[in-house]
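Student: Structure for the following, please:
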Amino acid sequence: MIKKLIGSVAVLTCLLGAQAALAQESTNQVSQNTDWAVFVESNPTECWAVSAPKETVNTRDGRVVAVRRGDILLFTFFRPSAGVEGQLTFTGGYPFAENSAVTLQVGDSEFNLFTQGEWAWASSAEEDRQIMAAMRRGADAVLTARSSRGTQTQDTFSLLGYTAAIEDAQRRCSN
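Tutor: Numbering: from 1, shown residues only. As a prediction, the model looks like this:
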């Protein structure tokens, strides 16, 4: 449990840095593969593929509502120095409801991501591999979550360019 918590904190730190990097001008963007962009940071070396949703629906009590959300992004990370070889991460642009999970649907495959604050990710490296394999085969990824205010969100990400982007990110981080 402590090992997982330490790993989660390390991942969260990486992700917060990545989000800050995305907020900057795209000086570290190295390629664009259809709907997915690839970014590289050098100290420490980390590479990631990232995309924004093509569609977002927010509901409360079954009704579509307008809500303010921060960046909504789906990532796959590579950070060799931390042993991270393809970690899927999602930020919904709001704090998730405490003790809730984010459901990720790709075709017929469904995964539950655990949440902490505004971030969600798979529970293991093996699950990351399964998700990445599903995303390579899929057309879109649908993430459904609940905010700390009770809003249900559904974000649909195109997977066009996903395979090329993660292969590019992985290659750049293996050099």
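Student: CA-only coordinates of the helix or strand where Ala37 lies in CSV, if you can.
Tutor: Assessed by DSSP states H and E, Ala37 sits inside strand 36-42. As requested, the backbone C-alpha atoms of strand 36-42 are provided in CSV (Å, rounded to 0.1, in the frame of the first residue of the first chain):
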residue,chain,number,x,y,z
TRP,A,36,-2.6,13.4,-30.7
ALA,A,37,0.4,15.6,-30.0
VAL,A,38,3.8,14.4,-28.7
PHE,A,39,5.7,16.4,-26.1
VAL,A,40,9.3,15.9,-24.7
GLU,A,41,10.9,17.3,-21.6
SER,A,42,14.6,16.8,-21.0
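Student: And it, what's buried?
Tutor: When burial is assessed from 16 or more other CB atoms under 10 Å, strand 36-42 yields the following buried residues: 36-41. Quick note: C-beta positions are derived from backbone N, CA and C, even for glycine.
Student: Just give me the closest of these to Phe90.
Tutor: Proximity to Phe90 was ranked across those by CB to CB; first place goes to Trp36, at 14.0 Å.
Student: Show the pLDDT at the closest one.
Tutor: At Trp36, the predicted lDDT confidence score is 97.
Student: Skipping its backbone neighbours, what lies nearest it in space?
Tutor: With CB to CB, 6 or more residues apart in numbering as the measure, Ala165 is the residue that lies nearest to Trp36, at 3.6 Å, once sequence neighbours are left out.
Student: where does the one you found fall, helix, sheet strand or coil?
Tutor: Judged by DSSP: H, G, I helix; E, B strand; the rest coil, the three-state class of Ala165 is helix.
Student: circling back to that earlier point, let me have the buried residues of strand 36-42 in a markdown table, adding distance to Gly138 as columns.
Tutor: Putting the buried residues of strand 36-42 into a markdown table (distance: CB to CB, whole Å) gives the following:
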| residue | distance to Gly138 |
| --- | --- |
| Trp36 | 13 |
| Ala37 | 19 |
| Val38 | 19 |
| Phe39 | 22 |
| Val40 | 25 |
| Glu41 | 27 |
